[in-house]
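**Student:** sequence first, predicted model second:
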Amino acid sequence: MSEVTERHLRILEALLFASKEPLDANTLLAYLGEGADVHGLLVTLAGRYAGRGVNLVRRADKWAFRTAEDLGFLLRREEQETRPLSRAALETLSIIAYHQPATRAEIEEVRGVATGKGTIDLLLEAGWIRMRGRRRTPGRPVTYGTTEAFLDHFGLEALSDLPGLDELKGSGLLSNRLPPSLQIPLPFEGALRDDEDPLEPGDEDVEDNS
Amino acid sequence: MSEVTERHLRILEALLFASKEPLDANTLLAYLGEGADVHGLLVTLAGRYAGRGVNLVRRADKWAFRTAEDLGFLLRREEQETRPLSRAALETLSIIAYHQPATRAEIEEVRGVATGKGTIDLLLEAGWIRMRGRRRTPGRPVTYGTTEAFLDHFGLEALSDLPGLDELKGSGLLSNRLPPSLQIPLPFEGALRDDEDPLEPGDEDVEDNS
Amino acid sequence: MTSPQTDWFDTPAAPVDEDVMYVDVDGYEGPLDLLLDLARRQKVDLAAISVLALAEQYLKFIETVREKRIEVAADYLVMAAWLAYLKSRLMVPQAPSDEEPSGEMLAAMLQFRLKRLEAMRRAASQLMNRPRLGFQIYARGAPEPIEINRKSLWEASLYDLLKAYVGQRERGATTDYTPLQRTVWSLQEARDILQRLIGDSFEWVAMDTYLAEYLATPAERTTVRASTFASSLELVRLGKIDLRQTETFGPLFMRRRKSDTP
């Protein structure tokens, strides 16, 4: 390993250790200088920490040091969740996670019941979901998706790591139509889907009446 | 290195990483089980991190991960931004410029409102004004004047370059309808005026209660 | 519409009799939730449930509840109506000309919705059982934040500075400013005064002599002269007085016209 590489690895180590939040490659690159292979360096660093008490993990396009999963039982603090999520909130969260981008009407269709305004708010406030855009259908309802903080909180590298996703995909349960239609939508990670418009200025502050 | 030792090292690593504060050997021992050589393990761990971007350091009897000292510069960044001076600051500065040496009470008299300490501090910090001395009146209030940096910034060769009454009227800045009694003072350029005493040692650090 | 956390009964219902299964009414989240619960009680895979039996159970349940005159939220009734329709479709064979969806299709749709809801619930619990940040997985406990030293460079031009200064001085200077009240003689006023002063005098007298007492104040001199002169011209036109000036810029003399006897 060259001296430059070692130095770069030390810098990445320091930055990622120092930060509580995951950092993206561009932020890190600013400290290394143009031309550094940040991605390659991160993979090397992750390799070095594999099997250690602290691991370098990937969350969407960002990286962070986190304690090893298998030590969880040991580190578990006797802390109660300050506000445990209601069943409605949990269901709504999983519907958004697996069906995203999802409108409120779609969430309600799956649950068979109206979604209280507080439920979506709570998830937005927790930072786990976000408004993604607006569906290009009459009424232009807001579409929701999950955030990077969601991935970080649940220890997922990407949405494709959602538990049971393949099984759900196979059974056609992520489809909105019956009988299982030709197209089986998957949680969509991209910026905006074909049928989504970007949010408009002020959308995020506005009461969602979709 | 035995398997048990490796496991212990992983646990120490995770605990020290996740802890908000440095941890002592006894606290750590509780997680390892009786008989573990915590001290020996910590020394081993510190050895592994020596030369890395993050080091395991000892502080009194406690241990913590810290960014390597030589990389500390990474955690500090200088950013420059230019901001327009607030109206309050501009007004205060202009009064100090024309009326120097001026005490805070004199500034307030012209402005007609109380001048926040923050405004004076900001101007001191910007390097445009300085404490000149103390007025030889009851309370011995601090007198303020402008600096060379002030002249530099505003493109003045000397304080006497500040336009006087006629020039201000001629430029249209000052209206002609003003009472004849209105005078624009000639800023005092010398070191100390007759009614000023020099600053005393420590004056510059002291809260100005004038 | 019901809000998710509200019970759909005003009061918790007493357990209904043995035939009808006891349903814990607290915390149902809508009719689909109730149906899913009823389906689970069939203790088989959702794919194998009898939709007909499920529909009957639901309808019976709602009926019992209504007999007890307990208010049921509207969406539970909508579901009941739909299930009644489903039941009829399932029991009556489909006529070839019938364009409505078949009972089997409706049943499959309901099964799908139940399966989907159950799957989402399972997914939610799988998510919550994952090692979560702050519970089993931890971030750095004592992060070393990146300090950003913002050095402010202040912007201000000499013009801004002067404007700020002048603005304040003007503000201070004009606080005790009172607009000047000017005395103006109206033409009518001047004419009345002039007529009174001339009275019956047929002697030539200079205008300023008449006005002597009014010309004492310098501020009023101009208006007094101007208004009086203008009024005198009017009086001449009316034939009431004569006006004479012997030299340019010389005094104006005036007297009552002789023909005009009072």
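**Tutor:** Alright, I've got the coordinates.
**Student:** run the chain-centre distance for the lengthiest helix in chain A.
**Tutor:** Longest helix in chain A by number of residues (criterion: DSSP state H): helix A:3-18. When C-alpha coordinates are averaged (Cα atoms, centre = their mean, to the nearest Å), helix A:3-18 and its chain have centres 26 Å apart.
**Student:** show me what it is packed up against.
**Tutor:** Here helix A:3-18 touches helix A:25-32, helix A:38-49, strand A:62-67, strand B:54-59, strand B:62-67, going by 3 or more Cβ pairs under 8 Å, 6 or more residues apart in numbering or on different chains; DSSP states H and E. From N, CA and C alone the C-beta is placed, and that goes for glycine too.
**Student:** quick one: is the third one near chain B?
**Tutor:** Yes - under the criterion of Cβ under 8 Å from any Cβ of the partner chain, strand A:62-67 makes contact with chain B via A:65, A:67.
**Student:** number of residues surrounding the closest residue to residue C:214 other than its chain neighbours?
**Tutor:** Excluding the flanking residues, the one nearest residue C:214 by Cβ to Cβ, 6 or more residues apart in numbering or on different chains is residue C:224, at 4.8 Å. Using other Cβ atoms under 10 Å in any protein chain shown, residue C:224 has 22 neighbouring residues.
**Student:** what comes up buried for the strand or helix carrying residue C:224?
**Tutor:** According to DSSP states H and E, residue C:224 maps onto helix C:218-237. In terms of neighbour count (16 or more other Cβ atoms under 10 Å in any protein chain shown), helix C:218-237 has its buried residues at C:223-225, C:227-229, C:231-232, C:234-235.
**Student:** how about a markdown table for the residues you listed, with pLDDT added?
**Tutor:** Listed next are the buried residues of helix C:218-237 as a markdown table, based on pLDDT from 0 to 100:
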| residue | pLDDT |
| --- | --- |
| C:223 | 82 |
| C:224 | 84 |
| C:225 | 85 |
| C:227 | 86 |
| C:228 | 87 |
| C:229 | 87 |
| C:231 | 87 |
| C:232 | 87 |
| C:234 | 87 |
| C:235 | 87 |
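**Student:** among the residues you listed, which one lies nearest to chain B?
**Tutor:** Each of the buried residues of helix C:218-237 was scored against chain B by Cβ to the nearest Cβ, and residue C:223 proved nearest at 21.8 Å.
**Student:** my guess is that closest one meets residue C:183, correct?
**Tutor:** Yes - counting by Cβ atoms under 8 Å, residue C:223 sits close enough to residue C:183 to count as a contact (6.6 Å).
**Student:** so where's chain A uncertain?
**Tutor:** A:1, A:77-83, A:176-187, A:204-210 (pLDDT under 70).
**Student:** run through the helices of it in chain order.
**Tutor:** Using DSSP H, the helices of chain A run over A:3-18, A:25-32, A:38-49, A:72-75, A:87-99, A:104-111, A:117-126, A:148-153, A:165-171.
**Student:** ranking those helices by burial, who's on top?
**Tutor:** Highest mean neighbour count among these (mean count of other Cβ atoms under 10 Å in any protein chain shown): helix A:87-99, with a mean of 25.
**Student:** can you list contacts of it?
**Tutor:** By Cβ atoms under 8 Å, 6 or more residues apart in numbering or on different chains, the residues outside helix A:87-99 that reach it are A:85, A:102, A:106-107, A:110-111, A:115-116, A:119-120, A:122-123, A:128-129, A:144-146, A:150, A:159, A:162, A:165, A:168, A:174, A:176, A:185, A:187, C:4-5, C:27, C:29, C:117, C:120-121, C:123-125, C:127-128.
**Student:** and what of stretch A:18-30?
**Tutor:** A:12, A:15-16, A:36, A:38-39, A:42, A:59-64, A:148, A:152, B:67, B:74-75, C:139-140, C:143-146.
**Student:** need the strands for the stretch 101-250 of chain C, in chain order.
**Tutor:** Ranges of strands in the stretch 101-250 of chain C, per DSSP state E, counting those that start in this stretch, are C:147-155, C:205-206, C:241-245.
**Student:** among these, which comes closest to chain B?
**Tutor:** Nearest of the strands of the stretch 101-250 of chain C (Cβ to the nearest Cβ): strand C:147-155, 4.5 Å.
**Student:** ok, residue A:202 - how many residues close by?
**Tutor:** Residues lying near residue A:202 (other Cβ under 10 Å) number 7.
**Student:** how about residue C:29?
**Tutor:** A total of 24 residues lie near residue C:29 under the criterion other Cβ under 10 Å.
**Student:** surely it and residue A:113 touch.
**Tutor:** Yes - Residue C:29 is within contact range of residue A:113, at 5.2 Å (criterion: Cβ under 8 Å).
**Student:** stretch A:40-55 vs chain B: in contact?
**Tutor:** Yes - Stretch A:40-55 lies within reach of chain B by Cβ under 8 Å from any Cβ, at A:51-54.
**Student:** got a list of contacts for that stretch?
**Tutor:** Counting by Cβ under 8 Å, 6+ apart, A:5, A:8-9, A:12-13, A:16, A:25, A:28, A:32, A:56-58, A:63, A:65-69, A:71, B:9-15, B:17 sit against stretch A:40-55.
**Student:** who wins for neighbours among the residues of stretch A:40-55 next to chain B?
**Tutor:** The most crowded member of the residues of stretch A:40-55 next to chain B, judged by other Cβ under 10 Å, is residue A:53 (25 neighbours).
**Student:** skip the chain neighbours and tell me the closest residue to that residue.
**Tutor:** Of all residues not flanking residue A:53 in the chain, residue B:13 sits nearest, at 3.1 Å (Cβ to Cβ, 6+ apart).
**Student:** give the contact list for that neighbour.
**Tutor:** Counted by Cβ under 8 Å, 6+ apart, residue B:13 has contacts A:52-54, B:45.
**Student:** 6 Å - rerun?
**Tutor:** Applying Cβ atoms under 6 Å, 6 or more residues apart in numbering or on different chains to residue B:13 gives the contacts A:52-54.
**Student:** ok, those residues vs chain B, which is closest?
**Tutor:** Of all those, residue A:53 has the smallest distance to chain B: 3.1 Å, by Cβ to the nearest Cβ.
**Student:** show the backbone phi and psi for the closest one.
**Tutor:** phi -70, psi -20 (degrees, to the nearest 10).
**Student:** residue A:70 versus that one, what's the distance?
**Tutor:** Counting by Cβ to Cβ, to the nearest Å, the separation of residue A:53 from residue A:70 is 10 Å.
**Student:** then residue A:48?
**Tutor:** 18 Å.
**Student:** and residue A:145, by the same measure?
**Tutor:** Separation of residue A:145 from residue A:70 (Cβ to Cβ): 30 Å.
**Student:** check residue C:246 too.
**Tutor:** 126 Å.
**Student:** specify the residue ranges that define each domain of chain A.
**Tutor:** Domain assignment for chain A by automatic domain parsing gives A:3-74, A:87-205.
**Student:** any chance of the ones you listed in TSV, plus distance to residue C:86?
**Tutor:** What follows is the domains of chain A, written out as TSV (distance: least, Cβ to Cβ, whole Å):
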stretch	distance to residue C:86
domain A:3-74	43
domain A:87-205	14
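**Student:** identify whichever of the ones you listed lies nearest to residue C:134.
**Tutor:** The closest of these to residue C:134 is domain A:87-205. By Cβ to Cβ, the value is 7.5 Å.
**Student:** just to revisit the earlier point, which ones are touching the residue nearest to residue C:214?
**Tutor:** Taking Cβ under 6 Å, 6+ apart, we find residue C:224 in contact with C:185, C:211, C:214.
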